[in-house]
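Visitor: 3D, please:
(chains A, B, C, D, E, F, G, H, I and J)
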10 protein chains.
Amino acid sequence: MALFLVRMDVSIPYDLDPDVAADTIAREKEYSQDLQRRGVWRNIWRVAGEYSNYSVFEVEDADELHEILWNLPLFRHMSCSVTALAHHPSDISPGVSGTANE
Amino acid sequence: MALFLVRMDVSIPYDLDPDVAADTIAREKEYSQDLQRRGVWRNIWRVAGEYSNYSVFEVEDADELHEILWNLPLFRHMSCSVTALAHHPSDISPGVSGTANE
Amino acid sequence: MALFLVRMDVSIPYDLDPDVAADTIAREKEYSQDLQRRGVWRNIWRVAGEYSNYSVFEVEDADELHEILWNLPLFRHMSCSVTALAHHPSDISPGVSGTANE
Amino acid sequence: MALFLVRMDVSIPYDLDPDVAADTIAREKEYSQDLQRRGVWRNIWRVAGEYSNYSVFEVEDADELHEILWNLPLFRHMSCSVTALAHHPSDISPGVSGTANE
Amino acid sequence: MALFLVRMDVSIPYDLDPDVAADTIAREKEYSQDLQRRGVWRNIWRVAGEYSNYSVFEVEDADELHEILWNLPLFRHMSCSVTALAHHPSDISPGVSGTANE
Amino acid sequence: MALFLVRMDVSIPYDLDPDVAADTIAREKEYSQDLQRRGVWRNIWRVAGEYSNYSVFEVEDADELHEILWNLPLFRHMSCSVTALAHHPSDISPGVSGTANE
Amino acid sequence: MALFLVRMDVSIPYDLDPDVAADTIAREKEYSQDLQRRGVWRNIWRVAGEYSNYSVFEVEDADELHEILWNLPLFRHMSCSVTALAHHPSDISPGVSGTANE
Amino acid sequence: MALFLVRMDVSIPYDLDPDVAADTIAREKEYSQDLQRRGVWRNIWRVAGEYSNYSVFEVEDADELHEILWNLPLFRHMSCSVTALAHHPSDISPGVSGTANE
Amino acid sequence: MALFLVRMDVSIPYDLDPDVAADTIAREKEYSQDLQRRGVWRNIWRVAGEYSNYSVFEVEDADELHEILWNLPLFRHMSCSVTALAHHPSDISPGVSGTANE
Amino acid sequence: MALFLVRMDVSIPYDLDPDVAADTIAREKEYSQDLQRRGVWRNIWRVAGEYSNYSVFEVEDADELHEILWNLPLFRHMSCSVTALAHHPSDISPGVSGTANE
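Guide: The predicted model follows:
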């Protein structure tokens, strides 16, 4: 499995139809929570003061990550930046080998 | 408790005494693992391809966070950028209230 | 309590209905002054020459800060950047311990 | 009187003589606290996780501000960025006129 | 008196009504020239090749500067960046003391 | 397998011992060519005019990528930036499914 | 022949007519695949999480590259950045001379 | 005479009336070619892959340069950045003195 | 004559011999004041809080400007950025024609 | 033939041996003038006020360009940025086809 940190910055056009906006936001929430329940969208945090979040995804590969992000209901109103994560040699989480580079 | 995402970028001067460098790195690892065991340094991930990490800290407040980072053995050879995290309204983790702003 | 420095940069679309704009600005002022009276919004300064301000907030945590900013009447027409503040070891204000890192 | 927000980012060369560094830092603290006692250096906050601070100065003018910053013992090891502050029309602090632009 | 260097970058929306644009530009010129005659707007230079200018203002303080800029007829179609100026120790202009820091 | 685009920018300190530099560069070349022969380092192109390259790696995951880059003989004298690549829906290469998002 | 790495970032206006958008995207795909079949558009990778790609082109010269990019059906809705590639001295691909600079 | 390097980045709004756009582009070309024939617009190169150019102008002074650029039919849809050029001490072009600084 | 706005940012290496530094700074001041007396270096202002200045030069052309800056005693310890200035159509200074573009 | 615009920014370490520096600069000049005589280095202009130049090269391809720049005596003390140039449809220079995209 592959871990990615994603920062999403949302910018909904101020003149978007309010009903369209509300519906899109509701579908976004449902979409996110479904992926959280399946263990794919492992973490989501709000960036304090911004319409943004940092999220951690655990997926098969970058193809799966891209398909998930591309299909976000808000995708066309956000920008995403993706960071590929590797295991850190100081990490004590179970399952992390002790042989990573230090 | 307060959550912070911290990105640390390490840059050890190439002409630093190798023994000093090795000792500092060893103390950094011990320091980090001790805080992980105490549940303060909740996550640490390596940024693939860089001498950098993203970490999540759960602390009392920004004062505790600063004291932790300031005392990192590698602190003077790194730059840190801190993001204050808030709960996200789509987060399904237990303990997150359903009343956050959407 | 937690201290945050927030910079807000306002950009009202030039073709926004003037009455909507005026009403939003009036509600923003009322909202801000109410929080100032409650001691939460401790300082607000205009950045000279810009439709921007620097503000200091004293809140419970990042969740409260985010709720305050998210509900600003002008929130959708501004960008915010948040800096978590810690006590400075040189600060002589009463109540600041003398043991902070130097 | 004039208000300025100043961000100072300190970067002490890693090979600076430790005694020189310690002495400079001690003089910096004394210098700062003297100006705080005189009401000139009104606020100083640590930027969490960085060797930086945000400070508010109340001075006669930019000449006085520059003389204060230029004579900081750490001045040659820091970079400063200065923002001129004006009164904000929403500010309820006593002494702020109600006629500022909104 | 306080000196400020201001860079103004104008960006008039291409679909703004041409009469409104022309009227605003005419009022901007009149406004600027009135302040020049009063000795407040000491210099104005065009940045070659850009719809921008660098200007020097001599005002009481940042409040007066902000009021002047905020009321520019083109203010909502420009961005301003302000630099607080201090006397330079090498300056030979009359009235500049010889005691400034070098 | 996972694909990554990596940009490497090399900056060898001008006062590094020339023999050390020459040896490091020779080992870097051998290291790179060995990985190319194993099919891991799929492409390497020089950025014209810069001591930089763009490279494509095909690895198991970000952990393997990080281990490869971390062990580059020149790693401490370069900065790397990593982009996770996904299959493009317009790509006609054999083996790319026709179901990717467009 | 000349090699270029091109990054394309697509941004389709949210209020573009959906049929126009769909038709443009379909023509873009056809256009790209035709150039891939002719060996000109050698690689195309999706940047994971973004409406962007990195592509490698093998063309006669910059004139041919520009004509190809300029005529992309999506050209007016994207920004391109072009990097001229040279052969790398460590490259073991057949046809690369061993005399390039190291 | 004065030499300037100018980079122009054109961005025509996608919803501009196509006839207006075509007419403006045609007038831009005529305007440019007239100045080229008069020896003022000495060089114009397309930036490969972008709706941009680098141009060299030989004019009396910055006033003449500004008047030329300001009157470009596409001026309101482009951004320009201007670099003042001086003779280079290594330049062997006739008429360049050998006494420039090296 | 040609007008240029120049921003100079000085950064003297902290380990430069103090006598060399003091001598260079003294020669810089003399050099600047000589050019001010000759009317070439028309203005010099300190950027408050920084080892920087904004200056206005009135010279024959960019060659003369470059020769002046290149020969600054501190030139190798500073970075300069140059903006070519044109007359502004709102400028009421005597000698500025009323025909500049608005 | 291929055209490239190259910006070179030189930064010679202040503590480089003055004889080494002078010798390197002399060889740089000879190297540049030789390439100018051969028609490869078509233009070189000083960026006014900076230790920088903009140059135009006419070479076979990016490989030749890279070899030229890589072997500059000052290469290790400069940074280069390269822009691939294409013919502009408005260019009236002889030999430019009238069929380029407009």
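
Visitor: Spell out which parts of chain A neighbour chain G.
Guide: Proximity of chain A to chain G is confined to A:4, A:6, A:13, A:16, A:62-63, A:65-66, A:69, A:76-77, A:79-82 under the rule Cβ under 8 Å from any Cβ of the partner chain. To be clear about C-beta, it is placed using only N, CA and C from the backbone, and glycine gets the same treatment.

Visitor: And for residue A:94, the neighbour number?
Guide: 5 (other Cβ atoms under 10 Å in any protein chain shown).

Visitor: now swap in residue A:57 and tell me
Guide: When neighbours are counted by other Cβ under 10 Å, residue A:57 registers 23.

Visitor: So for it, what's the nearest residue that isn't a sequence neighbour?
Guide: In space, and not counting its chain neighbours, residue A:57 is closest to residue A:4: 4.9 Å by Cβ to Cβ, 6 or more residues apart in numbering or on different chains.

Visitor: Quick one: mean pLDDT over the helix or strand that contains residue A:26.
Guide: Secondary-structure element containing residue A:26, defined by DSSP states H and E: helix A:18-37. For helix A:18-37, mean pLDDT rounds to 98.

Visitor: okay, the angle between the helix or strand following it and strand B:41-47?
Guide: With elements assigned by DSSP H and E, the helix or strand that comes after helix A:18-37 is strand A:41-47. Angle between the axes of strand A:41-47 and strand B:41-47 is 100 degrees (criterion: axes from the mean of the first three to the mean of the last three Cα atoms, to 10 degrees).

Visitor: what's next to strand A:41-47, contact-wise?
Guide: A:7, A:32, A:35-36, A:52-58, A:68, B:3, B:5, B:83-91, B:100, C:66, C:82 (Cβ atoms under 8 Å, 6 or more residues apart in numbering or on different chains).

Visitor: Type out the ChimeraX command that picks the buried ones from those.
Guide: Command for ChimeraX that selects the buried part of the contacts of strand A:41-47, burial taken from 16 or more other Cβ atoms under 10 Å in any protein chain shown:
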select /A:7,32,35,36,52,53,54,55,56,57,58,68 /B:3,5,83,84,85,86,87,88,89,90,91,100 /C:66,82
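
Visitor: Return the alpha-carbon coordinates of the helix holding residue A:26 using CSV.
Guide: Only the C-alpha atoms of helix A:18-37 are listed here, as CSV (Å, rounded to 0.1, in the frame of the first residue of the first chain):
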residue,chain,number,x,y,z
PRO,A,18,-26.3,28.2,-4.0
ASP,A,19,-28.3,25.0,-4.5
VAL,A,20,-25.7,23.6,-6.7
ALA,A,21,-23.0,24.5,-4.2
ALA,A,22,-25.0,23.1,-1.3
ASP,A,23,-25.6,19.8,-3.1
THR,A,24,-22.0,19.5,-4.2
ILE,A,25,-20.8,20.1,-0.6
ALA,A,26,-23.2,17.5,0.7
ARG,A,27,-22.0,14.9,-1.9
GLU,A,28,-18.4,15.7,-1.0
LYS,A,29,-19.0,15.0,2.6
GLU,A,30,-20.8,11.7,1.8
TYR,A,31,-18.0,10.7,-0.6
SER,A,32,-15.3,11.5,1.9
GLN,A,33,-17.0,9.6,4.8
ASP,A,34,-17.5,6.6,2.6
LEU,A,35,-13.8,6.5,1.9
GLN,A,36,-13.0,7.0,5.5
ARG,A,37,-15.1,4.1,6.5
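
Visitor: Which neighbouring elements make contact with it?
Guide: The elements that helix A:18-37 packs onto, with contact taken as 3 or more Cβ pairs under 8 Å, 6 or more residues apart in numbering or on different chains; DSSP states H and E, are strand A:41-47.

Visitor: Name the nearest of the residues of chain A next to chain G relative to chain C.
Guide: Nearest to chain C, judged by Cβ to the nearest Cβ, of the residues of chain A next to chain G is residue A:13 at 9.5 Å.

Visitor: how would you label that closest one: helix, strand or coil?
Guide: coil (DSSP: H, G, I helix; E, B strand; the rest coil).

Visitor: just checking, it touches residue A:78?
Guide: No: when contacts are counted by Cβ atoms under 8 Å, residue A:13 is not listed as touching residue A:78 (11.9 Å).

Visitor: Contact residues of chain A facing chain J?
Guide: Counting by Cβ under 8 Å from any Cβ, no residue of chain A sits close to chain J.

Visitor: shaky segments in chain A?
Guide: A:95-102 (pLDDT under 70).

Visitor: Kindly provide the distance from whichever residue of it sits closest to chain D to residue H:84.
Guide: As assessed by Cβ to the nearest Cβ, chain D sits closest to residue A:48 within chain A, at 12.3 Å. To residue H:84, residue A:48 is 44 Å away according to Cβ to Cβ, to the nearest Å.

Visitor: Quickly note the distance from the residue lying closest to residue A:45 once chain neighbours are set aside to chain J.
Guide: Spatially, and ignoring its direct neighbours in sequence, residue A:45 is nearest to residue B:85 (4.0 Å; Cβ to Cβ, 6+ apart). Using Cβ to the nearest Cβ, to the nearest Å, one gets 37 Å for the distance from residue B:85 to chain J.

Visitor: now the helix or strand that contains residue B:85 and strand C:78-87, what's the angle there?
Guide: Using DSSP H and E, the element containing residue B:85 is strand B:78-87. Relative orientation of strand B:78-87 and strand C:78-87, computed by the same axes, to 10 degrees: 110 degrees.

Visitor: got a list of contacts for strand B:78-87?
Guide: Against strand B:78-87 from outside (Cβ under 8 Å, 6+ apart): A:45-49, A:54, B:2-11, B:56, B:62, B:65, B:69, B:72, B:96-97, B:100, C:4, C:61-63, C:65-66, C:82, C:84, D:47-50.

Visitor: Mind checking which of these are in helices?
Guide: Mapping the contacts of strand B:78-87 onto helices (DSSP state H) picks out B:62, B:65, B:69, C:62, C:63, C:65, C:66.

Visitor: Give me the neighbour count for the fourth one.
Guide: Counted with other Cβ under 10 Å, residues neighbouring residue C:62 total 26.

Visitor: Quick check: it touching residue C:3?
Guide: No: at 11.3 Å, residue C:62 does not count as touching residue C:3 under the criterion of Cβ under 8 Å.

Visitor: Looking at chain A, which residue is nearest chain I?
Guide: Closest point on chain A to chain I, by Cβ to the nearest Cβ, is residue A:49, at 26.5 Å.

Visitor: Verify the stated contact: that residue with residue C:6.
Guide: Yes: shown here, residue A:49 and residue C:6 form a contact pair, counting by Cβ under 8 Å, at 6.1 Å.

Visitor: what is in contact with those two at once?
Guide: With Cβ under 8 Å, 6+ apart as the test, residue A:49 and residue C:6 both reach C:65, C:69, C:80, C:81, C:82.

Visitor: By neighbours, which of the residues you listed wins?
Guide: Neighbour-wise, those (other Cβ under 10 Å) top out at residue C:65, 25 neighbours.

Visitor: check contacts around it.
Guide: A:48, A:49, B:84, B:86, C:2, C:4, C:6, C:57, C:59, C:82.

Visitor: now it, nearest residue through space, not along the chain?
Guide: Computed as Cβ to Cβ, 6+ apart, the closest residue to residue C:65 that is not its neighbour in sequence is residue C:59, at 4.8 Å.

Visitor: All set now, cheers.
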